[in-house]
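Trainee: here are the coordinates; sequence isn't available:
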Ligand SMILES: Nc1ncnc2c1ncn2[C@@H]1O[C@H](COP(=O)(O)OP(=O)(O)OP(=O)(O)O)[C@@H](O)[C@H]1O
Ligand SMILES: [Mg+2]
């Protein structure tokens with residue numbers, strides 16, 4: 001079977017402002033019915049990328065393809081209104097003088113009856129049918145957002161570009177609207193390119209995450225892979241707090257408080273950083289001055305003294321100081337685990353959950 005054609009494809013998109021490159025050789029794809037999240041810190045070039053796809057900003061180089069057809073390079077340029085692209089941005093302002101129904105019907109063509117049917121269908125899907133005749137000022141923020149979503153989807157865009165569309169909402173509302181939005185877009189088979197700077201939002205929504213930094217895409221993949229096989233230390237740190245254990249390679253091994261780590265192919269003398277998320281540390285009790293036995297999967301346990309422990313909602317965060325070199329390390333434990341400062345415990349790190357990177 002031939003490879004499926006991406007609904008949206010960006011190839012080597014680059015854009016500079018006043019000599020500063022803010023979008024740097026960005027290539028990515030979105031398949032029909034899938035969500036690709038452009039995730040990255042503030043100022044890394046996410047919105048600029050989205051504006052280029054929408055056609056309201058022009059790239060300096062690179063091409064954009066929709067369903068295998070070139071819509072924009074540095075010569076050809078299909079205008080924004082002919083790109084079959086829906087937009088939903090943070091300031092999703094509805095037209096204040098139009099009712100909910102009129103807002104949703106705004107971009108629609110066809111007979112009055114057809115338009116009405118489509119408006120009702122969508123308002124029903126976002127659970128806003130009962131407010132069809134209301135005006136925007138009579139709606140809560142979340143209700144306005146749902147109307148904005150219905151308005152964006154109504155003309156059946158084949159691609160939806162969303163720029164932090166949920167950031168104005170409180171957490172509780174946001175989860176519901178996010179999930180609703182996703183199911184409507186999936187049902188319609190829309191390809192979604194969603195911009196966010198929140199890893200949780202990206203993990204929750206995305207089929208693919210494109211992690212962006214300083215205008216570059218650092219890494220792309222399924223959320224599970226981006227989380228569990230980060231490209232570098234910064235990529236790991238973007239998703240959660242991390243512990244960094246430093247070491248130096250001797251004979252393809254590096255010696256740490258947790259025993260030896262393999263560093264195959266890394267030259268002697270290279271400084272490395274072993275990165276591990278707090279949730280992947282294992283804690284064990286002190287057995288009269290001794291810890292648990294070393295294992296191949298967890299290595300050697302390291303003796304550590306509790307400095308501080310706090311309950312932070314779903315889990316507890318325990319901060320330790322390692323006997324080995326006095327360095328600090330933190331671990332999270334599900335539920336409540338609050339050992340007193342000064343308590344001696346033993347820590348182990350799962351070899352399959354840590355990442356060894358050359359020190360930068
Ligand atoms: N029209 C412009 N002229 C000059 N500089 C611009 C222009 N548009 C964007 N920039 C700069 O490009 C960089 C990237 O901006 P962009 O809006 O794409 O970031 P972002 O990743 O969306 O950030 P945020 O998460 O804060 O929205 C910023 O430093 C911004 O100041
Ligand atoms: Mg932005």
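Mentor: Arrived safely, thanks for sending. All values reported here derive from a predicted model rather than from experimental measurement. Ligands and ions are numbered 1, 2, ... in the order given.

Trainee: where does pLDDT dip in the chain?
Mentor: Applying pLDDT under 70 to the chain picks out residues 1-2, 91, 168.

Trainee: and the residue nearest the centre of it, what helix or strand is that in?
Mentor: Geometric centre of the chain, nearest residue: residue 202, 3.0 Å, by C-alpha atoms, centre = their mean. Per DSSP states H and E, residue 202 falls inside helix 199-205.

Trainee: need the residues that contact that helix.
Mentor: Contacts to helix 199-205, defined as C-beta atoms under 8 Å, 6 or more residues apart in numbering, come from residues 35, 37, 39, 166, 178, 182, 194, 196, 209, 223, 227, 238-240. (Glycine included, C-beta is placed from N, CA and C.)

Trainee: so that helix, near ligand 1 or not?
Mentor: No. If you take C-beta under 6 Å from any ligand atom as the test, helix 199-205 misses ligand 1, and the best it gets is 12.2 Å.

Trainee: would you mark the buried spots in that helix?
Mentor: 199, 201, 202, 203, 204, 205 (16 or more other C-beta atoms under 10 Å).

Trainee: with stretch 237-244 instead?
Mentor: Under 16+ other C-beta under 10 Å, the buried positions of stretch 237-244 are 238, 239, 242, 243.

Trainee: do stretch 181-195 as well
Mentor: Neighbour-count burial for stretch 181-195 [16+ other C-beta under 10 Å]: 181, 182, 184, 185, 188, 190, 191, 192, 193, 194, 195.

Trainee: want to throw the residues you listed into a markdown table with secondary structure?
Mentor: Output for those, formatted as a markdown table (DSSP: H, G, I helix; E, B strand; the rest coil):
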| residue | secondary structure |
| --- | --- |
| 181 | helix |
| 182 | helix |
| 184 | helix |
| 185 | helix |
| 188 | coil |
| 190 | coil |
| 191 | strand |
| 192 | strand |
| 193 | strand |
| 194 | strand |
| 195 | strand |
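
Trainee: any idea how far ligand 1 is from residue 97?
Mentor: Distance from residue 97 to ligand 1, counting by C-beta to the nearest ligand atom, to the nearest Å: 29 Å.

Trainee: SS state for that residue?
Mentor: Under three-state DSSP, residue 97 comes out as coil.
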